[in-house]
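>>> No sequence on hand, only this structure:
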DNA sequence: TTGTATGCGTTATCAC
DNA sequence: GTGATAACGCATACAA
């Protein structure tokens, strides 16, 4: 329904409030932002005037002067990836509890877009959370030199980071596969340049080596359902029995396509993923996966930023990952 | 990794650029924002100086003067609801294409939090998208009187809105149920005060009446998986054969709990939902649902706002909904 | 305790 | 085509 062209009357300023309360604008500012620095009587008058005029302080004017926007920028690769929603939610929770606003921007996994986005954001936020970023190191450093930056799923010396302890979950996953009789594992890599995909691959390699299992990495691929689907023919052709995908989306895609081509999961091939996204539990067969505590990651990242703002140093802690065994992995055929 | 306390050197301003290029600050402003209003030679000098100083205009200072932030606020009830993914994505797509930044805030379905959120946002954005809001009418009107507002899934005279055409999808769903032999339908209502839940219920009623089927509404309930689970006992006890849930989350929860208690879906009871969220297709049995084009809704809403900003009037169009028949509905037992 | 003056970085409105 | 200047709304150092 298209409304009529409204005449948005100008918002009240501290000048309006001051005039109505019969005081100086600076007194209004003090009364409203530093309680106690003004006599009780005038404060009451000012509050009443402000109420009557429906006054709210203009965050833009305040920010220009103070240099603080009470805003946190969160840059994610792909907003449709269910995995990032945990991060968003955790960060939002912590931010809004401290009266910070969270600005979410999507880079679509395109590094150029990511540069543009961070550029645009940098001057309007107090700090930045870069989740699963594919920005070059120098670029991250240059951002971090200007404003507090916290990385999620990426490590870079001198920059705060919230990292999952991939090792624990992967070790359990590979042991699980080994126990089922699998002697080799194929790892389906995620996007090119993804730090976290590298880490997962490294952990798979180490865990497999410790058990004398052979491993191979395929990729990189789009970390999506379609990215996973595309791999099914090769999995079947080469008769692999155990596949670990970079994330659940890829695992789901691979599973679907394998079944569509007449393969059985886990009968012919066991498939596992990472993240434990929404749906992993409902799909048939239910997906075996390494759960990453995204919501906690989001909370930690936002918390780290808030501490930085207050000049408090922040001690990173690794987020434990956990193997969730479900039905997509089974004995080697 | 906690970095050292950086000394974030102050960002360059137009004064710095002006000094370096040997011109007046106002000329810098013109050269950078209004191309062509300055001689080619000086513009080149200025651009070079800006480049060398790594200058970016301060959006806050600009906004203070112009009153335009190039920012759109999007308020959603629950960021963990997969249905909102689409809205977020669609809105982000349109906004960033026009160089607008999207600020996403979550109200957690709590009207008080929503009031606080919209309050906080109002002065720092150019316009607001309220998705599935539960704000009181007067409140929405008061927001709309100050800044352009677009509603998604809610109708209010005089305020722009993007609405799904519930009717078409629901009519098809009820016809489908009728054809399967069901003579009565239970509607599982969503949250209290949800405008869209009311609409869906109304459409179910009308479609059922047209086919002389009997209907009942239960609720309101939390529009979540748990909200759906809680209803399974009653569904089984009262031997209902057809259930339509307010959304897929509730439908999935109801389905799970029915099966856990020994019921069969669709053997004993057919269950359908709304939204076609991620996962509906993978769950077993795959969920029959009325798909709502959320991404288009997000795009439309953002588009409407952008048109309003330019003073262009906007013509709403209903978004068609579509019945997706899958395996959770079947012949009446 | 309160008022005065100034500046944050930009753009718009004048002159020139 | 370019420079000077005011103004956006607020917070703060300083004066009273």
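Received, thanks. This structure is a prediction, so every number in the text was calculated from the model and none was measured. Numbering: from 1, shown residues only, chains lettered A, B, ... in the order given.
>>> what helix or strand is the residue most central in space within chain A on?
For chain A, residue A:87 is the residue whose C-alpha lies nearest the centre (Cα atoms, centre = their mean; 3.8 Å). Using DSSP states H and E, the element containing residue A:87 is helix A:82-97.
>>> So which residues make contact with the following helix or strand past that helix?
Later in the chain than helix A:82-97, the nearest helix or strand by DSSP H and E is strand A:101-106. Contact with strand A:101-106 is made by A:70-79, A:88, A:91-92, A:95-96, A:117, A:120-121, A:124-125, A:302, B:88-89, B:92, B:96, B:101-105, B:120-121, B:124, as judged by Cβ atoms under 8 Å, 6 or more residues apart in numbering or on different chains. Backbone N, C-alpha and C define where each C-beta goes, glycine included.
>>> Tell me what angle strand A:101-106 forms with helix A:82-97.
Relative orientation of strand A:101-106 versus helix A:82-97 (axes from the mean of the first three to the mean of the last three Cα atoms, to 10 degrees): 160 degrees.
>>> Could you pull out the buried residues of the helix or strand that strand A:101-106 is followed by?
Downstream of strand A:101-106, the first helix or strand assigned by DSSP H and E is helix A:111-122. If you call a residue buried by 16 or more other Cβ atoms under 10 Å in any protein chain shown, then helix A:111-122 has these buried ones: A:111, A:113, A:114, A:117, A:118, A:120, A:121, A:122.
>>> for those residues, which one is nearest DNA strand C?
residue A:122 (12.2 Å; Cβ to the nearest atom of the strand).
>>> ok, now how distant is the closest residue to residue A:78 other than its chain neighbours from residue A:76?
Nearest residue to residue A:78 in three dimensions, chain neighbours excluded: residue A:109, at 5.8 Å (Cβ to Cβ, 6 or more residues apart in numbering or on different chains). From residue A:109 across to residue A:76, the span is 10 Å (Cβ to Cβ, to the nearest Å).
>>> Check residue A:189 too.
Residue A:189 is 20 Å from residue A:76, by Cβ to Cβ.
>>> more crowded one of these two?
Neighbour tally, residue A:189 and residue A:76, criterion other Cβ atoms under 10 Å in any protein chain shown: the higher count belongs to residue A:76, 26 against 20.
>>> quick one, phi psi at that one?
Dihedral pair for residue A:76: phi -120, psi 160, per degrees, to the nearest 10.
>>> And residue A:268, by the same measure?
Dihedral angles (degrees, to the nearest 10) for residue A:268: phi -90, psi -40.
>>> Just give me the neighbour total for the closest residue to it other than its chain neighbours.
Distances taken as Cβ to Cβ, 6+ apart put residue A:333 closest to residue A:268, at 5.8 Å, once the chain neighbours are dropped. Per other Cβ under 10 Å, the neighbour tally for residue A:333 reads 12.
>>> can you check residue A:71 too?
Neighbours around residue A:71, by other Cβ under 10 Å: 19.
>>> the strands in the stretch 51-200 of chain A, which residues?
A:71-76, A:101-106, A:127-131, A:149-152, A:160-162, A:164-165, A:184-188 (DSSP state E, counting those that start in this stretch).
>>> could I get the ones you listed as CSV with distance to residue A:12 and mean pLDDT?
Shown next, in CSV, are the strands of the stretch 51-200 of chain A (distance: least, Cβ to Cβ, whole Å; pLDDT from 0 to 100):
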stretch, distance to residue A:12, mean pLDDT
strand A:71-76, 23, 94
strand A:101-106, 21, 87
strand A:127-131, 31, 96
strand A:149-152, 37, 96
strand A:160-162, 40, 96
strand A:164-165, 48, 93
strand A:184-188, 58, 98
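>>> will you turn those into CSV that also has distance to residue A:201?
Converted to CSV, the strands of the stretch 51-200 of chain A look like this (distance: least, Cβ to Cβ, whole Å):
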stretch, distance to residue A:201
strand A:71-76, 22
strand A:101-106, 25
strand A:127-131, 19
strand A:149-152, 19
strand A:160-162, 19
strand A:164-165, 14
strand A:184-188, 5
